[in-house]
Structures are given as structure tokens and as C-alpha cells.
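Trainee: Next comes the sequence, and after it the predicted model I'd like to discuss.
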Amino acid sequence: MKNNCCFPTILLALLCTLPLTVSCGNDADPQTSDTEAVTTTGETESADVSYPQMKDPSAYAAPKREAEVYDPADARALKILGVSKSDGEYAVVYGECPIGTTVHIQNDFGEFSVLSEGGCFAMRIHNPDSIASLTATLSYNDEAIAEEVKWRGLVTESNTDEEWAVFIGGENQGFYYKMVPDFIGGNLYTDSLLNLSKSRWKSRVENLKEVGDGCEVICLLAPSAMTMFPDLVPEEAISSAIDTYFPQYRDLSFPPETTRFDQISQALTEAGVTVIDLRETYDKHRDDALSIYYDYDTHWTEYGAYLAYVELYRHISKRFPAAIPHSFDEFSWDFNYYKGGDISGYFNLNDDSDIFEYGFRRNMLFDTVPEVENLVRYTIDDENGYMSYGEEVLDGDEYDTNRTELPDIYVIRNSYGATIYDLMLERSNRAYFRSTFSYSYNKAEIMEKEPDYLIYIFSEWDLAELFNN
């Protein structure tokens, strides 16, 4: 079952104040004390400094998900916002409804249903025609509620460019078509290419050991939603993707024994790179109350980025004890209705309708340095999409927070780097963020900056850019 970000109103208010008792699924040993004396790495003037220690894993995770509860006083009416072509003979229906309800849609080709996620839904229906004639109803606990809604209109043509084409899966979850080759194991590297790239990365790792006090290479790798929720991927959509975009994979059987993600993770590890592969972490948190991925957007949420930050700084804190990650309850998780999802955009529905997803933003509850406090993360109040981030976050910048007990970092990233930007800046002394999608390896610049860590942040479908640069 996919994780769900939605709660009853009262539970939302209590989320960050309730005791956390769930396991984060990490391998670190639980600590019974928040602080103890530790020996630093020589980054501070004192040899023995008391720093906070890693807490029990449950402190770094949201509570487990609970089912939405319908409130008869909920004024959010059942509404269909638009219909767009998804894959083959299937379409997606976007709409709004009361929280906690199940939406049912009937047409000439069958009856379909989906649970609300915070009063929003994106339903997959069989509709091969260019016109959709739909009857929508609601239920809660198998009892019908409210009046039926009828809708008739054109099925919008979605984006068909291979790079940006999308389709709808189960439980409101949208996907890129370009996730399919990874999903079915169709884009594997040859042994010769793997060995060539591994040799290049090994040389990079060895060279950077001579930079400053030794620069460690870390690759933070995020799986796609398709990899984490294979049960939500319709077989018809995979067949449609292969027929339309990837005919060279027609003879493949899936699920595959190995994937490109497996190959790259292993090759980088063998080259001496520290690989933080988030697949296992995300699997342990798929039923958390906060979602790891958006439904209407292809990126990780701010909770997905937070879990990645925890794993990254769990590792870094072994060398820099002051750099332990902040716990879940040191942030507020502010729920609202946000638009800007790239998936709903590629269905070409956002221009005609305001399609919102029930989501959240993460904000720090603790005092920090001016460089972090003054960072403008979002420039649009009601959007969570990638283009709603400020220019500084997208273009990158260089910072000196004057906290020598923390590491110096040099960051290369794809679009996933925007959501974790503030968290990494807050846990660094000096930080240099390359512009998003600027992947080339600039040895001279890295040697000049003398970072403690060269950190790559990449999503699964961009791993070729990581591996080949």
C-alpha cells in the first residue's frame, strides 16, 4: 500500500507533538542519551567537545499512516476538473471530493473507483474514445453519500514527447514513461562500459583523497516512485510504453533480475564511492503518514528529501559529530493544497483547471544561521512544483556559515537537489552548490574549494548523467 500524506484535521494538528514510536528502519544503534562527550576530528579548537548524538531511529520518522475519516460537515464537493489521455485505451480523471471518501466513476466501459487523498483524486479509467461521458458518485464505509455528478467533455491530449510523457497508475499515483526502461531492466550497461566508468570513478576517488584533509565522494541515489510502488504500475501501461516508445524491449520479461540502478550502485561502490542507496530506506517508510513522493509530480516530497538527509548526515556525522541530522519533530510539516505538479502539467490540464494536491512543506522550528534563515526556498505560496523554487536554490550559490565543526561540501545535483538544499546548507560550514543539471566534473574547482565531501544527488531516471560524467 502506498504511503499517504492525508489526515483528519485534528490529527494533523497533533502530528508534530505526539510521541513517535515507529521504527525508521535504520541500522544505527539506538542511543538512550541525546548527548555525550566525543572526540572531534580536529575541525575544532578543542579535542573533546560534547555534541548531540544520534537518537533512536523513531525520532527521524513520521508516525505510521492512518485511514482518512469522512466528516459530513466537509464542504468540499465532488467535482471533476478534467480528463486526459493516459496510455493505450486508458485516461486519467482529476478531481476533488470530501476527505475520506471513495470516488466511483461509471462510463460505457466499466465502473472504477479510488480513495481520496486529502480530498483530491486522480483516477485511472478505461475510456478509448476522444469524448468522456462520466457519472461520479461518492461512498464512505461502503455507504453512498451525496448526489451523483455527471460530466461530459473532450479527453485532453497529453504530452507525447518521450522525455515528458506521463501515465496514471493505481491509488492516484502518476508516473513518467521514461521510468519504464529502469523498471523492466531494459537499459542495462555492458560489462565493458561498466568497467570503463568504474575505472574513471576509482581514479576520481583516489585523486580527491589528496584534496584538503581528504575529500570523500558520496552518491545519494533516489529510486523512482515506479521502483518503490510496482504494485501501482498497470501492466497495460507498461505494454503501451513499450509499443509506443521502447519497441526494442518487447522481448523482455519483468520484473528483471537486475536493473541499471543495481549495476551503477555496485560499480560505484567497487570504485570506492560511498553510495547511499535509498531503496531500502524508502521501503521501510512506504507506510508512513507523510508521503515520500508526490502523486501529481515526479519528485520526492519534502519528507522523501528529509529521509535522504537523515541517511546522508548519519554517515557524515561519523567523521563530523556535530553534523547529526535534526529529528522529525524539530520541523513543522505544514499541510495545504498545492498546485504545480509536473505530472498533471504534462497531462495538459493545469492551464485549464487549478489542479491541487494535498501536500505539505517542511519548515525549521529551531534557530539557525542567517545563511539558512535568509534562504528563499519558494517564490510561489500555493505551489510545490520544481519551478516554484527560488533562483538561488535552482542556480546554486556558495556559502560560508563559519561553523568549523561542520563539514565543507561541494554538491552536484539534478532537480531532486532543490528539496534538500536548505537541509544540507544548515548542516555545513562551507557549502558550494552547483547549478541544477550542471553535471561535469570540474577537478580544478573542487581542488580550489577543498571540500570534505563531494556529494552527488540523483534520481533513478537520471543515473546515466551521473555515471557518464
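Mentor: Arrived safely, thanks for sending.
Trainee: check contacts around the most centrally placed residue in the chain.
Mentor: Nearest to the geometric centre of the chain sits residue 300, at 1.3 Å (Cα atoms, centre = their mean). By Cβ atoms under 8 Å, 6 or more residues apart in numbering, residue 300 lies in contact with 222, 292-294, 308, 416, 419, 459. In short, each C-beta sits where N, CA and C put it, glycine included.
Trainee: now swap in residue 426 and tell me
Mentor: 326, 364, 368-369, 372.
Trainee: re the thing from before, for the contacts of residue 300, pick the one with the most neighbours.
Mentor: residue 222 (31 neighbours; other Cβ atoms under 10 Å).
Trainee: Distance of it relative to residue 243?
Mentor: Counting by Cβ to Cβ, to the nearest Å, the gap from residue 222 to residue 243 is 28 Å.
Trainee: who does the strand or helix carrying residue 114 pair up with?
Mentor: Assigned by DSSP states H and E, residue 114 falls within strand 110-115. According to DSSP bridges, strand 110-115 forms sheet pairs with strand 102-107 (antiparallel).
Trainee: What residues sit buried inside stretch 402-421?
Mentor: 403, 405-421 (16 or more other Cβ atoms under 10 Å).
Trainee: secondary structure element for residue 308?
Mentor: Assigned by DSSP H and E, residue 308 falls in helix 302-316.
Trainee: Around the closest residue to residue 166 other than its chain neighbours, how many other residues sit close by?
Mentor: Spatial nearest neighbour of residue 166, chain neighbours left out: residue 346 (4.5 Å); criterion: Cβ to Cβ, 6 or more residues apart in numbering. Number of residues near residue 346 (other Cβ under 10 Å) recorded here: 23.
Trainee: could you check the distance from residue 346 over to residue 383?
Mentor: For residue 346, the distance to residue 383 - Cβ to Cβ - is 16 Å.
Trainee: how about the strands in the stretch 101-250 of the chain?
Mentor: 102-107, 110-115, 120-126, 131-140, 143-154, 166-168, 174-176, 216-222 (DSSP state E, counting those that start in this stretch).
Trainee: Figure out which of these is closest to residue 160.
Mentor: Across those, residue 160 has its closest neighbour in strand 166-168 (10.1 Å, Cβ to Cβ).
Trainee: pLDDT score for residue 33?
Mentor: Predicted confidence (pLDDT) for residue 33: 34.
Trainee: Low-confidence regions, the stretch 1-150 of the chain specifically.
Mentor: 1-48 (pLDDT under 70).
Trainee: before we move on, back to that, from the rest of the structure, what touches the strand holding residue 114?
Mentor: By Cβ under 8 Å, 6+ apart, strand 110-115 touches 68, 101-106, 121-126, 170-172.
Trainee: Could you count how many residues lie near the nearest residue to residue 106 once chain neighbours are set aside?
Mentor: Excluding its sequence neighbours, the residue lying closest to residue 106 (Cβ to Cβ, 6+ apart) is residue 135, at 4.8 Å. Residues near residue 135, counting by other Cβ under 10 Å, number 14.
Trainee: now residue 469
Mentor: For residue 469, using other Cβ under 10 Å, the count is 13.
Trainee: now it: how far from residue 238?
Mentor: Counting by Cβ to Cβ, the separation of residue 469 from residue 238 is 29 Å.
Trainee: Need the distance between the two termini of stretch 451-469.
Mentor: 19 Å (Cα to Cα, to the nearest Å).
Trainee: Averaged pLDDT, that stretch. What do you get?
Mentor: Mean predicted lDDT for stretch 451-469 stands at 94.
Trainee: picking up where we left off before, quick check: next helix or strand after the helix holding residue 308?
Mentor: Going down the chain from helix 302-316, the next helix or strand is strand 331-338, by DSSP H and E.
Trainee: Return the list of helices and strands in contact with that following strand.
Mentor: Applying 3 or more Cβ pairs under 8 Å, 6 or more residues apart in numbering; DSSP states H and E, we find strand 331-338 packed against helix 302-316, strand 357-364.
Trainee: Next, the angle from the longest one to strand 216-222.
Mentor: By that I understand helix 302-316. If you take axes from the mean of the first three to the mean of the last three Cα atoms, to 10 degrees, helix 302-316 sits at 150 degrees to strand 216-222.
Trainee: Packing partners of helix 302-316?
Mentor: strand 216-222, strand 274-277, helix 279-284, strand 331-338, strand 357-364, helix 417-426, strand 453-459.
Trainee: Buried residues in the fourth one, which are they?
Mentor: The neighbour-count criterion (16+ other Cβ under 10 Å) identifies 331, 333, 335, 337-338 as the buried residues of strand 331-338.
Trainee: Just send those residues back as TSV, with distance to residue 287 too.
Mentor: Shown next, in TSV, are the buried residues of strand 331-338 (distance: Cβ to Cβ, whole Å):
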residue	distance to residue 287
331	20
333	17
335	18
337	23
338	23
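Trainee: And stretch 94-103, end to end?
Mentor: Span of stretch 94-103 from end to end, Cα to Cα: 11 Å.
Trainee: quick one: buried residues of it?
Mentor: Applying 16+ other Cβ under 10 Å to stretch 94-103 flags 94-103 as buried.
Trainee: how about these, which pair is most distant?
Mentor: 94 and 100 (18.6 Å).
Trainee: returning to what we had before: verify the contact between the residue nearest to residue 106 and residue 107 for me.
Mentor: Yes - if you go by Cβ atoms under 8 Å, residue 135 and residue 107 touch, sitting 7.4 Å apart.
Trainee: Please, where are all the strands along the stretch 351-469 of the chain?
Mentor: Counting by DSSP E, counting those that start in this stretch, the strands of the stretch 351-469 of the chain are 357-364, 398-400, 409-413, 430-433, 453-459.
Trainee: Could you dump the ones you listed into JSON lines with distance to residue 213 added?
Mentor: Output for the strands of the stretch 351-469 of the chain, formatted as JSON lines (distance: least, Cβ to Cβ, whole Å):
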{"stretch": "strand 357-364", "distance to residue 213": "29"}
{"stretch": "strand 398-400", "distance to residue 213": "17"}
{"stretch": "strand 409-413", "distance to residue 213": "13"}
{"stretch": "strand 430-433", "distance to residue 213": "13"}
{"stretch": "strand 453-459", "distance to residue 213": "11"}
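Trainee: closest one to residue 259 among those strands?
Mentor: strand 453-459 (14.0 Å).
Trainee: and the closest one, what does it pack onto?
Mentor: Applying 3+ Cβ pairs under 8 Å, 6+ apart, we find strand 453-459 packed against strand 216-222, helix 302-316, strand 409-413, helix 417-426, helix 463-468.
Trainee: Distance to residue 72 for those - can I get that in TSV?
Mentor: Formatted as TSV, the helices and strands packed on strand 453-459 follow (distance: least, Cβ to Cβ, whole Å):
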stretch	distance to residue 72
strand 216-222	40
helix 302-316	30
strand 409-413	46
helix 417-426	36
helix 463-468	48
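Trainee: so which of those gets nearest residue 449?
Mentor: strand 409-413 (5.5 Å).
Trainee: For residue 200, see how far away residue 413 is.
Mentor: From residue 413 to residue 200 the distance is 20 Å (Cβ to Cβ).
Trainee: typo on my end, residue 267
Mentor: Applying Cβ to Cβ to residue 267 and residue 200 gives a distance of 10 Å.
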